[in-house]
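# just a sequence and a predicted model for now, questions to come.
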Amino acid sequence: MARELWEGNQAIAEAASRVGLEAYFGYPITPQNEILEWMSRRLPELGRAFVQAESELGAINMVYGAACTGARVMTSSSSPGISLMMEGLSYIAGTEVPMVLVNVMRGGPGLGNIAPSQADYNQICKGGGHGDYHPIVLAPASVQEAVDLMPVAFDLAEKYLNICCILIDGSIGQMMEPVELPEMRPVQRKDFPWAVTGAKGRPRRILSSIYLDPPEEEKTNLRLLRRWQEVQEKELRYKEYFTDDADFIVIGFGTAGRVALSAVRAARAQGIKVGLFRPITVAPFPYKRVAELAQRVGAFLVVEMNAGQMLEDVRLAVNGSIPIEFYGRLGGVVPFPDEILSEIQRVAKAKLSADADPIANWMKRMEMVAR
Amino acid sequence: MATLMVPENLVYERPRSFTDAPTHYCPGCTHGVAHRLIAEVLDEMGLAERTIGVAPVGCAVFAYNYFDTDFVEAAHGRAPAMATGIKRVLPDSIVFTYQGDGDLASIGMGEIVHAAARGENITVFFINNANYGMTGGQMAPTTLPGMKTTSSPDGRDVETQGYPIRMAEMLATLDGAAYVVRRSLHDPANIRKAKKAIRIAFEVQDRKLGFSMVELLSTCPSNWNLSPVESLKWLEEHMIPFFPLGDYKVAPAVAELKI
Ligand SMILES: Cc1ncc(C[n+]2csc(CCOP(=O)(O)OP(=O)(O)O)c2C)c(N)n1
């Protein structure tokens, strides 16, 4: 298929409809309205289900209902809307039905703003709703990568009976890039042995997240956890750039990882031996690979568009073995490659300590900038 | 004795759309009556194999144990949204929700109003027992003025706690609603009328005529602190004057139905 110029949100929506999406339920919120708008035209045209719900609460519970029938279903939203969906996400996780969520983060907390942000990493990667569960979270750094991950997201959700989230920000959602979209595939409803479709010629099925008897709930929790362990073993995705001979490595996901790549390339041109590690599965986080890299390099520089949320996962993986530096921009501010380049130059020269507090040091530097 | 089991002598049996499970409802509670009427209509219309029920959060949380149909269990108040999701991908199925007054008229007000406004082709059974049964009898949006509950201990004070909501009347104003009625379960004559309404509601859905809701005035002897018989009387004397029985919306296409 030819490469065409597509806006991120629309490309994501079109890719989903080409890989068998049967139903979309959503509610308007910037910067992801183009997904809802695209679906509102495309899905009826294809004879599939689209509802603009009364709220994100309505939307996620419509998704929940459709997911219980075994249909391929998704929703999308942005920060305040994702917060409102947390109740439904927890029920969906507890009922063990598959769904895909496109989470287009914006600046927060509260109403915040509509600028690109990564401040909802913890919210989605660490569960978000109540109870012990883990969504699978994929963080693409380009429109093409987001498009390529759509079928992966549905497959993972269905394979592990789990929520699979595509985590992006408004910049990936709204930028135009040349992309190759997947071919249109027919809808193929799988004959899941749990799906509620009407008990014709078979015993009835019940889908619920209620286990009043604590030992039964514990069994359910263990089942979820076992599946999560399998995801951790089999489904890790990440990209490495210039890591083979690197003296130190920048770590960033999504847009921050992409901006960091420009900075890393510029630094390489200046002879600085720096690499980039960009996790694509941010949940599960590739702890093992980060720990391996920590044995080979002198330091990590973590770059995020938040106050160091993924940094905590990196620190967990590194476990104090090498120094970690942090650079973040907050509240919807996107770092320029130059800013990250000067951080790379600083780290290349600095005498670093594994005992230093990366957040405190970064805050000191930030306060100089903010002043 | 054996002759009593001959089918032509059979005057009463467990609906086939029921499982064998005994219900967990308190003695005298009319949830069981409502369940039975729904199951009888599913039997009569032969719908069970196409039916997906949506259970609420409330005393009927375990409704799925009693109906021999596919079932899902919704979050508190969200049953109409969940039903929407199911019905939109399985348009030929029969989808019903079964909700209490806290579930439908308080936390789930948004979901029910918009399901009705969209003319969602689902059927809603709304059990109005004037209180939150499952959590121990707190005030509901349907609690009558002056009525004592565990969270309106001196009686519902409309100055500070507002007025009860009449859901059937409210939803009847929406163009998407095809059939919205209120019935009561306090005596055999009314129970028969309730069953007729349940039948019409399912017919409306089966013919894809739009949103249908049957509100059923129900008793809650345990939380009302009345005997089952006193409860039935209390319902008749206090609830019906405030929540008049009747047909609030019968769309022209529904009025033409010959059942
Ligand atoms: C989000 C949420 N809030 C509160 C509850 C607690 N809760 C369980 S049942 C219930 C009230 C149900 O009352 P009603 O809908 O009137 O049904 P009834 O029990 O009277 O049949 C409440 C508040 C809950 N489960 N979830």
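That came through fine. Numbering: from 1, shown residues only, chains lettered A, B, ... in the order given.
# check contacts around the residue lying closest to A:Val19 once chain neighbours are set aside.
Nearest non-adjacent residue to A:Val19, counting by CB to CB, 6 or more residues apart in numbering or on different chains: A:Pro151, 4.2 Å away. C-beta here means a position set from N, CA and C on the backbone, and glycine is covered the same way. Counting by CB atoms under 8 Å, 6 or more residues apart in numbering or on different chains, A:Pro151 touches A:Ala15, A:Val19, A:Pro182.
# measure A:Pro151 to chain B for me?
Here the criterion is CB to the nearest CB, to the nearest Å. By it, A:Pro151 lies 19 Å from chain B.
# kindly report the same for A:Ile280.
Separation of A:Ile280 from chain B (CB to the nearest CB) stands at 29 Å.
# hang on, the earlier thing: name the helix or strand for the residue nearest to A:Val19, please.
Using DSSP states H and E, A:Pro151 sits within helix A:143-160.
# picking that back up, give me the buried entries from the contacts of A:Pro151.
Buried members of the contacts of A:Pro151, counted by 16 or more other CB atoms under 10 Å in any protein chain shown: A:Ala15, A:Val19.
# so which of the contacts of A:Pro151 sit within helices?
A:Ala15 (DSSP state H).
# wait, a strand at A:Asn221?
No - counting by DSSP: H, G, I helix; E, B strand; the rest coil, A:Asn221 is located in no strand; its state is helix.
# how close does the nearest residue to it once chain neighbours are set aside get to chain B?
Distances taken as CB to CB, 6+ apart place A:Asp132 nearest to A:Asn221, at 5.1 Å, with adjacent residues excluded. From A:Asp132 across to chain B, the span is 18 Å (CB to the nearest CB).
# how about A:Arg268?
A:Arg268 is 50 Å from chain B, by CB to the nearest CB.
# these two touch, right, that residue and A:Tyr241?
No - contact status for A:Arg268 versus A:Tyr241: not in contact, 9.3 Å apart, counting by CB atoms under 8 Å.
# would you confirm that A:Leu167 contacts A:Ile124?
Yes - counting by CB under 8 Å, A:Leu167 touches A:Ile124, with 6.1 Å between them.
# quick one, which of those two is more surrounded?
A:Leu167 (27 against 23; other CB atoms under 10 Å in any protein chain shown).
# can you pull out the strands in the stretch 1-150 of chain B?
Secondary structure of the stretch 1-150 of chain B (DSSP state E, counting those that start in this stretch): strands located at B:51-55, B:70-73, B:94-100, B:123-128, B:131-132, B:138-139.
# ok, so of the contacts of A:Pro151, who is nearest chain B?
The closest of the contacts of A:Pro151 to chain B turns out to be A:Val19 (CB to the nearest CB; 16.4 Å).
# sheet partners, orientation included, of whichever strand or helix holds A:Val282?
Assigned by DSSP H and E, A:Val282 belongs to strand A:281-283. Strand pairing for strand A:281-283, using DSSP bridges, gives strand A:136-138 (antiparallel).
# who touches the strand it pairs with?
A:124-125, A:149, A:152-153, A:156-157, A:160, A:162-167, A:231, A:235, A:237, A:280-284.
# hang on, the earlier thing: between A:Leu167 and A:Ile124, what contacts are shared?
A:Asn103, A:Val137.
# and the residue of chain B found nearest the ligand, what are its bridge partners?
In chain B, the residue that lies nearest the ligand is B:Gly100 (2.2 Å; CB to the nearest ligand atom). Listed beta-bridge partners, B:Gly100: B:Ile127 (assigned using DSSP bridges).
# against B:Ala83, how distant is it?
B:Gly100 sits 15 Å away from B:Ala83, going by CB to CB, to the nearest Å.
# again, but for A:Gly252
From A:Gly252 across to B:Ala83, the span is 43 Å (CB to CB).
# kindly report the same for A:Ala246.
For A:Ala246 relative to B:Ala83 (CB to CB), the value is 55 Å.
# buried ones in stretch A:253-263?
Residues of stretch A:253-263 classed as buried: A:Phe253, A:Gly254, A:Thr255, A:Ala256, A:Gly257, A:Arg258, A:Val259, A:Ala260, A:Leu261, A:Ala263 (neighbour count, 16+ other CB under 10 Å).
# using the three-state scheme, assign A:Pro28.
Under three-state DSSP, A:Pro28 comes out as coil.
# let me see the contact set for it.
A:Pro28 neighbours (CB under 8 Å, 6+ apart): A:Leu36, A:Gln52.
# now do the same contact list for the residue of the stretch 1-150 of chain B found nearest chain A.
Evaluated by CB to the nearest CB, the stretch 1-150 of chain B has B:Gly85 as its residue closest to chain A, separated by 2.7 Å. B:Gly85 makes contact with A:Ala23, A:Phe25, A:Asn61, A:Met62, A:Val63, A:Tyr64, A:Gly65, A:Ala66, A:Ala67, A:Cys68, A:Thr69, A:Val73, according to CB under 8 Å, 6+ apart.
# ok, it to A:Val97 distance?
Per CB to CB, B:Gly85 is found 11 Å from A:Val97.
# distance of A:Ser158 from chain B?
No, residue A:158 isn't Ser; it's Glu. When A:Glu158 is compared with chain B (using CB to the nearest CB), they lie 15 Å apart.
# need the pLDDT of that residue.
Each residue has a pLDDT score; the one for A:Glu158 is 98.
# list the contacts for it?
Here A:Glu158 is in contact with A:Arg72, A:Pro98, A:Lys190 (CB under 8 Å, 6+ apart).
# for residue 19, phi and psi?
No chain specified, so I'll use chain A. Here is the backbone geometry of A:Val19 (degrees, to the nearest 10): phi -110, psi 30.
# was after chain B, sorry
Per-residue torsions, B:Thr19: phi -90, psi -180 (degrees, to the nearest 10).
# what number of residues lie near it?
With other CB under 10 Å as criterion, B:Thr19 counts 14.
# hmm, the top helix by length along chain B touching chain A?
Ranked by residue count, the top helix of chain B under DSSP H comes out as helix B:188-206. No - counting by CB under 8 Å from any CB of the partner chain, no contacts exist between helix B:188-206 and chain A, the nearest distance being 13.0 Å.
# so, in contact with chain A or not, the helix or strand just after that helix?
Tracing the chain C-terminally past helix B:188-206 and defining elements by DSSP H and E, one meets strand B:211-217 next. No - using CB under 8 Å from any CB, strand B:211-217 never reaches chain A; the gap is at least 13.9 Å.
# check the offset of strand B:211-217 from the chain's centre.
6 Å (CA atoms, centre = their mean, to the nearest Å).
# tell me what angle that strand forms with strand B:123-128.
Strand B:211-217 runs at 20 degrees relative to strand B:123-128, counting by axes from the mean of the first three to the mean of the last three CA atoms, to 10 degrees.
# what is the rounded mean pLDDT of strand B:211-217?
Throughout strand B:211-217, pLDDT has a mean value of 98.
# list the neighbouring strands of that strand plus their orientation.
According to DSSP bridges, strand B:211-217 forms sheet pairs with strand B:123-128 (parallel), strand B:177-184 (parallel).
# single out the most deeply packed of these.
Compared across the strands paired with strand B:211-217, strand B:123-128 shows the largest average neighbour count, a mean of 27 (mean count of other CB atoms under 10 Å in any protein chain shown).
# please save the CA atoms from that one in CSV.
The C-alpha trace of strand B:123-128 is given here as CSV (Å, rounded to 0.1, in the frame of the first residue of the first chain):
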residue,chain,number,x,y,z
THR,B,123,-36.1,-3.0,27.9
VAL,B,124,-35.6,-1.6,31.4
PHE,B,125,-37.3,-3.0,34.5
PHE,B,126,-37.2,-0.3,37.2
ILE,B,127,-37.8,-1.5,40.7
ASN,B,128,-39.0,1.4,42.8
